[in-house]
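Visitor: Have a look at this prediction, sequence included:
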Amino acid sequence: MPLTIPVILGSVRTDRIGNRAAQFLIAQLEARGHAAPLVDPAELKLPLLDRMYKEYPAGTAPEPLQRLADLFRGSDAFLVVTAEYNHGVPPALSNTLDHFLEEYFWRPSAICCYSAGQFGGVRAAMALRAMLAEMGMSSIPSLLPIPRLQKAIDSQGIPAEPWITTAANRFLDELEWYAEALRDRRQPGTPY
């Protein structure tokens, strides 16, 4: 049964490269028959968090927040593509995620981290993992770190190195397993 897995991109920099990994993962998810809409903070242009979506009176949230809330409530899992800024989570990603809470509950997340250097963004992924768990969308055990992303995946989202597709397949197999298991458990209801 198809899943809905938004791919949340974490960078808004003009010369960002994370969209390469996002394009690649969207193509991989769609090839598996899943819906994988891109959530791009550069396009959303959300304000710095002043009020969470749930704090707006019904029907008064800004359109981008309402659209995201609807998408997130209908999602089975979340795939976050994050860079590493000063060993941490990019501010645009944190701001995008922080606008919501209950919309994430009882859904798994997965982290693809990247960098232009050799560590593949794993330091940011560790901080992000704690953040996602606190929001109610614990991350799967595996990560998909991509070092030297500018060489590993081209601007069209095509991997230049075969290990990326092999690693992504295993990573997405795991995410599917958790997403299907939690979807089945959400059907009869959740603890709260």
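Guide: Ah, there it is.
Visitor: Show me what the most centrally placed residue in the chain bridges to in the sheet.
Guide: Among the residues of the chain, the one closest to the centroid is Val80, at 2.0 Å (C-alpha atoms, centre = their mean). Val80 forms beta bridges with Ile8, Ile111, as assigned by DSSP bridges.
Visitor: for this protein, which helix is longest?
Guide: Secondary structure of the chain per DSSP state H: the longest helix is helix 162-186.
Visitor: Mind checking the pLDDT average for that one?
Guide: Mean pLDDT, helix 162-186: 97.
Visitor: Count the neighbours of the residue lying closest to Tyr56 once chain neighbours are set aside for me.
Guide: Distances taken as C-beta to C-beta, 6 or more residues apart in numbering put Leu65 closest to Tyr56, at 7.3 Å, once the chain neighbours are dropped. Every residue, glycine included, has its C-beta placed from N, CA and C. Neighbour count of Leu65, defined by other C-beta atoms under 10 Å: 20.
Visitor: Leu65 should be in a helix, yeah?
Guide: Yes. Counting by DSSP: H, G, I helix; E, B strand; the rest coil, Leu65 is found in a helix.
Visitor: separation between it and Thr190?
Guide: 23 Å (C-beta to C-beta, to the nearest Å).
Visitor: what sits up against stretch 183-192?
Guide: Stretch 183-192 is contacted from outside by Leu3, Asp76, Phe105, Trp106, using C-beta atoms under 8 Å, 6 or more residues apart in numbering.
Visitor: Then stretch 30-48?
Guide: 2-12, 16, 19, 22, 25-26, 29, 62, 64-65, 68, 71, 79, 92-93, 95-96, 99, 172, 176.
Visitor: Now the terminal residues of that stretch, how far apart.
Guide: Counting by C-alpha to C-alpha, to the nearest Å, you get 32 Å between the two ends of stretch 30-48.
Visitor: cool, stretch 78-96 as well?
Guide: End-to-end distance for stretch 78-96, by C-alpha to C-alpha: 13 Å.
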